[in-house]
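Asks: Quick one: sequence plus predicted model below, questions after.
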Amino acid sequence: MKAVVIGAGASGLMCAGGLAEAGHEVVVIEKNDRPGKKLFITGKGRCNLTNACDVRTFLDNVVTNRKFLTSAIYGFTPADCMEFFEKLGVRLKVERGDRVFPVSDKSGDIVKALEKYALSNGAEIRYCESAKDIKCDQGRVSAVATDKDVYPCDVVVIACGGVTYPVTGSTGDGYRLAKKLGHRIVAPSAALVPLLAKGVDGLQGLSLKNVSAEVVADEKSVASQFGEMLFTHNGVSGPIILTLSSLVGAYCDEKGAFVKTAFLKVDLKPALDRDTLDARILREINSTPKVSAKTLLYTLMPRALAPVVLAQCDIREDVKACEISKKQRESLVSAVKGLKFPLTGKDKIEFGIVTQGGVDVSQINPKDMQSRTVAGLYIVGETLDVDAFTGGFNLQIAFCTARAVVRALS
Ligand SMILES: Cc1cc2nc3c(=O)[nH]c(=O)nc-3n(C[C@H](O)[C@H](O)[C@H](O)COP(=O)(O)OP(=O)(O)OC[C@H]3O[C@@H](n4cnc5c(N)ncnc54)[C@H](O)[C@@H]3O)c2cc1C
């Protein structure tokens with residue numbers, strides 16, 4: 001069969017190589033002048049290509065449409081993925097949290113391996129060419145029209161990615177192409193993205209380890225995470241914040257702004273209960289009764305946070321430690337264990353590591369990623385309404401959905 005794959009990213013190259021290996025005539029259309037521009041920047045340039053976990057753990061890390069991915073992930077597991085790349089000659093290593101990277105720490109090695117896999121099996125890649133339209137004949141794909149040519153074909157794979165980091169080429173074309181053919185698109189929004197917060201002036205660059213952060217919206221706890229976070233010029237970021245951002249979609253509008261009153265509650269001392277923390281503060285007061293309240297807090301937290309904490313419990317910065325009343329100490333304990341920052345929304349969609357939303361998966365067959373609406377049309381990777389946490393899970397989604405197409409057409 002003649003197959004046209006739109007997009008030479010993670011899922012497109014995997015699909016093109018596999019289909020060519022299975023004997024199909026494959027053309028890949030890529031709007032950039034080179035393959036895998038997004039893949040190249042993954043994992044801070046090291047490419048966390050998968051996670052060395054079992055299938056169940058993988059599914060636990062999928063945020064949207066976990067069930068839909070079940071068949072694809074059993075068909076191409078993280079272990080299969082590692083074996084695949086090792087066979088292509090890329091040596092891999094497993095780091096903290098079972099994150100898998102190339103031993104070279106170079107994402108370029110993954111891009112090169114995938115490009116070679118596609119080309120050596122006979123796929124052709126047309127760079128600097130953009131797919132504009134998918135033609136159909138009696139409910140079946142018949143051709144792909146680009147800005148330069150028309151490619152008659154029996155199979156079309158949309159592997160255009162999502163809509164975040166648009167400089168990499170993922171600009172939402174996959175949604176437009178699929179929508180034109182009658183697919184519903186779940187409104188795309190950013191996930192794994194910093195959150196915009198108020199009250200962070202003077203905290204930019206401050207990183208907090210071993211804290212617990214909770215998003216509270218409409219007076220309800222939405223989600224909480226323990227680990228590392230950092231303050232930016234306009235809000236908060238870091239591993240636990242990125243994870244939280246993937247879980248707040250239901251409380252945000254299409255532009256990512258919170259529609260309900262929301263705030264981030266940071267427990268600076270999650271390992272201490274209130275009584276233990278109070279006893280610790282009392283000990284500090286007794287040993288340095290003459291220092292200011294602000295100086296007293298330097299023993300408990302990074303200096304930049306002291307004024308923020310004091311402002312939230314109504315204690316003047318210059319009041320002497322020994323003058324802090326029991327009631328004020330109670331409110332100090334509450335502030336240390338629940339420092340509040342009003343949240344206004346998610347950062348801009350282009351800053352998301354992954355897109356939440358995309359082609360509605362109820363119109364896609366989970367076994368082979370074929371459209372239930374148009375025969376011969378397959379949709380893979382981030383263009384689908386699927387997303388996962390950080391840790392190599394999103395690339396594993398790209399790869400396993402691509403392999404589902406390859407298996408079905410082999
Ligand atoms: C900064 C950053 C770091 C990340 N790090 C990781 C990580 O370490 N591990 C992980 O698992 N995930 C990571 N991700 C997420 C991961 O990169 C994506 O989920 C994955 O690349 C999606 O693969 P894809 O094939 O669906 O889309 P993409 O890799 O985005 O590929 C889509 C391709 O389609 C092309 N295209 C689009 N429209 C057209 C058109 N009309 N015509 C022709 N070509 C077109 C694009 O140019 C692009 O090359 C990261 C993302 C970012 C932004």
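Replies: Everything's here; your move. Numbering: from 1, shown residues only.
Asks: List the residues that contact the closest residue to residue 80 other than its chain neighbours.
Replies: Excluding its sequence neighbours, the residue lying closest to residue 80 (CB to CB, 6 or more residues apart in numbering) is residue 403, at 7.8 Å. From N, CA and C alone the C-beta is placed, and that goes for glycine too. Taking CB atoms under 8 Å, 6 or more residues apart in numbering, we find residue 403 in contact with 14-15, 18, 72, 75-76, 80.
Asks: Need the max-distance pair from these.
Replies: Across the contacts of residue 403, the longest distance by CB to CB is 15.1 Å; it joins 15 and 80.
Asks: The two - which one has more neighbours?
Replies: residue 15 (33 against 16; other CB atoms under 10 Å).
Asks: isn't that one right up against residue 380?
Replies: Yes - at 6.0 Å, residue 15 counts as touching residue 380 under the criterion of CB atoms under 8 Å.
Asks: how about the residues of this protein that lie near the ligand?
Replies: Neighbours of the ligand within the chain, by CB under 6 Å from any ligand atom: 6-12, 29-32, 37-39, 41-43, 47-48, 130-131, 159-161, 164-165, 168-170, 173, 353-354, 381-382, 392-395, 398.
Asks: okay, and the common contacts of residue 15 and residue 380?
Replies: With CB under 8 Å, 6+ apart, residue 15 and residue 380 have common neighbours 157, 159, 402, 405.
Asks: Tell me, how many residues neighbour the last one?
Replies: The tally of other residues near residue 405 (other CB under 10 Å) stands at 26.
Asks: And for the third one?
Replies: Burial measure for residue 402: 30 neighbouring residues, criterion other CB under 10 Å.
Asks: same question, the first one
Replies: The burial count assigned to residue 157 is 34, neighbours taken as other CB under 10 Å.
Asks: now swap in residue 320 and tell me
Replies: Count around residue 320 with other CB under 10 Å applied: 16.
Asks: now residue 379
Replies: Neighbourhood size, residue 379 [other CB under 10 Å]: 30.
Asks: Off-centre distance for the helix or strand where residue 402 lies?
Replies: If you go by DSSP states H and E, residue 402 is part of helix 393-408. Distance, stretch centre to chain centre, for helix 393-408: 17 Å (CA atoms, centre = their mean, to the nearest Å).
Asks: cool, stretch 312-319 as well?
Replies: The answer for stretch 312-319 is 39 Å, by CA atoms, centre = their mean.
Asks: now stretch 307-323
Replies: 39 Å.
Asks: Residues touching that stretch, excluding its own?
Replies: 199, 202-203, 268, 284-285, 288-297, 301, 306, 324, 328, 331-332, 334-336, 339-340.
Asks: So residue 256 versus the ligand, what's the distance?
Replies: Distance, residue 256 to the ligand, using CB to the nearest ligand atom, to the nearest Å: 16 Å.
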